[in-house]
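Structure for this input, please:
(chains A and B)
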Protein chains: 2
Amino acid sequence: MDLTEMGRAAVAAKYEVQKMTAEDKNASLKAVAEGLLRDKAAILAANAQDVERAERGGMHPGMVDRLRLTDARMEAMAEGLLQICGLPDPLGEVLEHFTRPNGLEIEKRRVPLGVIGIIYESRPNVTADAFGLCFKAGNACILKGGSDAIDSNTAITESIRRSLTESGSCEDAIQLITDTDRETTSRFMKLNEYVDVLIPRGGAGLIRAVVENSTVPVIETGTGNCHIYVDEFADMEKVIPIILNAKTQRIGVCNACESLVIHEKIREKIMPALAEALQQANVKIKGDERTLLCVPGAVPAAQEDFGKEYLDYILSVKTVDSLDEAIAHINRYNTGHSDSILTENAENAERFLNEVDSACVYVNASTRFTDGFEFGFGAEIGISTQKLHARGPMGLKELTTYKYAIRGNGQIRP
Amino acid sequence: MDLTEMGRAAVAAKYEVQKMTAEDKNASLKAVAEGLLRDKAAILAANAQDVERAERGGMHPGMVDRLRLTDARMEAMAEGLLQICGLPDPLGEVLEHFTRPNGLEIEKRRVPLGVIGIIYESRPNVTADAFGLCFKAGNACILKGGSDAIDSNTAITESIRRSLTESGSCEDAIQLITDTDRETTSRFMKLNEYVDVLIPRGGAGLIRAVVENSTVPVIETGTGNCHIYVDEFADMEKVIPIILNAKTQRIGVCNACESLVIHEKIREKIMPALAEALQQANVKIKGDERTLLCVPGAVPAAQEDFGKEYLDYILSVKTVDSLDEAIAHINRYNTGHSDSILTENAENAERFLNEVDSACVYVNASTRFTDGFEFGFGAEIGISTQKLHARGPMGLKELTTYKYAIRGNGQIRP
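Numbering: from 1, shown residues only, chains lettered A, B, ... in the order given. From the prediction side, this is the model:
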């Protein structure tokens, strides 16, 4: 299908979805969840083609696993949509209401963004998940998945569109771009006339490509070079459990800790035991000179290491002589995602919270909590690392904007 | 100066400005206002060079007038900064505060955007104005003015930097890019490592160029193809004053009315008198077929006319047979800026407010009220016509973002 036609269809759909009541949207989401289970055999068959193609092409087994759908994953996909039904409708909220001296009544209302474009990589469950969140927040979406998952995504989208029609909603609330050439993707990123916002979900390469090529406003998500700073006033009991959790509880995620910053005054006291715990958990340490002095088995860190999101069992370690130096180092190398200070000193904690320029700044906690579910949003479309519109975990509210509705009785500007 | 160096200096400055108290920022703004008046002779001399160059180059007298500084305009520039002093500091506000079941305390705080880039055209007063708003909201700014006003902008920036230093602030809170070649502008729009957001201020061509070329997140401002829809239930007493005001009170601005949509049932009753009033005010009417039937002197509107922001004494007129048709026409041709319905029917008013997809939607009022001052924000950096981050008039709050400050006591993710 032609992109312009898809854009027009999405715009028509956005006005339909926007008008739906919360009850009607929930009824459609339930129908979509049931439909996915009803169409399970067809979706799994389509997925088997993707998996077979991937294996034949020599895809890394870890990636093939992300691509593969199973009965359990289909159940989880449907369950995810039912959970979205349970969330409060973000629309209809009056954010502000004021009357001007000339009598104009100004109301700032929460409204849908409109048409949301999402460009994502292999995991086919994103198709249902992203649709569900966009739809509940009153939006139409145009999805562009990876070519690896094209058969799965097509089958899932067809199922969703059928259920939307059957439940009396507009099927164009979800559309999938099936052309996998670069030219189509590039044109999608310039579809300003129809698409209100573009959200990339995937690795650093995908996100960079979207930021560099899109003229549609983008919400940048994802890359996380997250730091933990062990202050001279850290509580020794908390240090090892928090760092082990942040580094190893799940290594391939954006809120995992990638770099440690240690105050010189606590280095000799904490590093040997900490390094041992990390090394027992298979974490390789890349340290600066002073780290190497107290960590047998550590390898020297190059300057570039401090800027790396490893997504692996590797941790860089930097020694500093002051809180100022720690903050400057973190602000230089972080990606604006999540950083944590371990300290019992209230003043240092407050300075860290104020001065580290990230979406989520922690005191005495693991960076792994930067997550829509952990924040209690009940859902997450991604984690924004830019400063416009939304920062940190994005739930349903972050898929909305506002408008001003202004009521007068004949006012003209003098 | 090299752009990378400017970027680094701006980042250093943003941390300094962010830490300043409201009192210190106001003291600096006062010093800057006084400094501009103290340096008036030098600034006017620099401006005279710009004006002379413009006149020699055959610039349109209207444009030369926008470029020219006078004693009165210098006073107004200083007065504008003093007014910004009087506005409440937008920072420090806690937007939300909640505690999670695991004991994590999550605080959503309003914080500065950081480094704001502004690309603007001839009016040199924007230099002081934009700096004042960015600074008060805790940001550093990098400005890129038009080459026409380069001498004026340089003199104003030098004066501001001197006053910042003298008042104990960081002079790099304002930097001006003086290279006027395209290559520099293009690199500025890709300075993602240092610049958090780019705001273009100027005509449609400038804004389009920034949207198309920038990889830094952009807040699109400006273009306004604003509509007024005269519903079949309009109050005849209100129609002519509102439309005259919206069209003619100031023609060259983005919130002026460019297009009229008239319900067929009221066409013959209202058009002759309305057209006469407009024509007396020198407004040329470009109408569809049914408009031509009742407006002597009107010329036929081409399809493109409905999409035009004339910024001139011209108004397009379209006849419709229903509210639905009016809403569809407006959503097709508007620029998401401001649209107004004139009606005494509450249901039609509510539908218009809900279904017209613009930043500001009015009932029975002139579109000319879309303005930071008219909304009571006390200031305005521009009017956003996109949906991310800010919509409609942007004041100090819209020059801020938020961060999450999270306090724990050893929490790790299970």
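
Please make it C-alpha for all contacts and neighbour counts, starting now.
Fine.

for chain B, what are the nearby residues on the stretch 251-400 of chain A?
Those residues of the stretch 251-400 of chain A that sit near chain B, judged by CA under 8 Å from any CA of the partner chain, are A:353, A:355, A:358-366, A:368-369, A:375-376, A:386-392.

got it, and the stretch 1-150 of chain A?
A:15, A:100, A:113.

Name the member of those residues with the most neighbours.
residue A:113 (25 neighbours; other CA atoms under 10 Å in any protein chain shown).

With adjacent residues omitted, what lies nearest to the residue in the stretch 1-150 of chain A positioned nearest to chain B?
The nearest approach of the stretch 1-150 of chain A to chain B comes at residue A:113, 6.5 Å away (CA to the nearest CA). In this structure, residue A:113 finds its nearest non-sequential neighbour in residue A:400, 4.8 Å apart by CA to CA, 6 or more residues apart in numbering or on different chains.

give me the number of residues near the one you found?
That count, for residue A:400 with other CA under 10 Å as the rule, works out to 22.

can I assume residue A:286 sits in a helix?
No. Residue A:286 sits outside any helix when classified using DSSP: H, G, I helix; E, B strand; the rest coil, being strand.

Domain boundaries for chain A, per the record?
A:3-220+A:389-407, A:226-369 (automatic domain parsing).

For these, give me TSV that also has mean pLDDT.
Shown next, in TSV, are the domains of chain A (pLDDT from 0 to 100):
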stretch	mean pLDDT
domain A:3-220+A:389-407	95
domain A:226-369	96
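
JSON lines for those domains, including distance to residue B:46?
Compiled in JSON lines, those are given as follows (distance: least, CA to CA, whole Å):
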{"stretch": "domain A:3-220+A:389-407", "distance to residue B:46": "37"}
{"stretch": "domain A:226-369", "distance to residue B:46": "38"}
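
Now intersect the residues of the stretch 1-150 of chain A next to chain B with the helices, please.
Among the residues of the stretch 1-150 of chain A next to chain B, the members falling in helices (DSSP state H) are residue A:15.

Tell me which residue in chain A sits closest to chain B.
Closest point on chain A to chain B, by CA to the nearest CA, is residue A:389, at 3.5 Å.

give the contact list for the closest residue to that residue other than its chain neighbours.
Computed as CA to CA, 6+ apart, the closest residue to residue A:389 that is not its neighbour in sequence is residue B:389, at 3.5 Å. Listed by CA atoms under 8 Å, 6 or more residues apart in numbering or on different chains, the contact partners of residue B:389 are A:388-390, A:401, B:219, B:398.

Check whether residue A:409 really touches residue B:365, as I assumed.
Yes. At 6.6 Å, residue A:409 counts as touching residue B:365 under the criterion of CA atoms under 8 Å.

ok, these two, which is more surrounded?
residue B:365 (29 against 17).

who's in contact with residue A:85?
Residue A:85 neighbours (CA under 8 Å, 6+ apart): A:25-26, A:29-30, A:136.

got the phi/psi numbers for it?
Dihedral pair for residue A:85: phi -50, psi -40, per degrees, to the nearest 10.

can you give me the strands for the stretch 301-414 of chain A?
For the stretch 301-414 of chain A, the strands defined by DSSP state E, counting those that start in this stretch cover A:314-320, A:338-342, A:360-365, A:382-384, A:392-394, A:400-411.

Using the three-state scheme, assign the residue nearest to residue A:22 when sequence neighbours are not counted.
Distance criterion CA to CA, 6+ apart; nearest residue to residue A:22, sequence neighbours excluded, is residue A:89 at 6.1 Å. Of the three states, residue A:89 takes coil under three-state DSSP.

Which residues does stretch A:3-21 contact?
Defining contact as CA under 8 Å, 6+ apart, one finds that stretch A:3-21 is touched by A:25, A:112, A:114-115, A:135, A:138-142, A:169-175, A:184, A:187-188, A:191, A:193-195, B:355.
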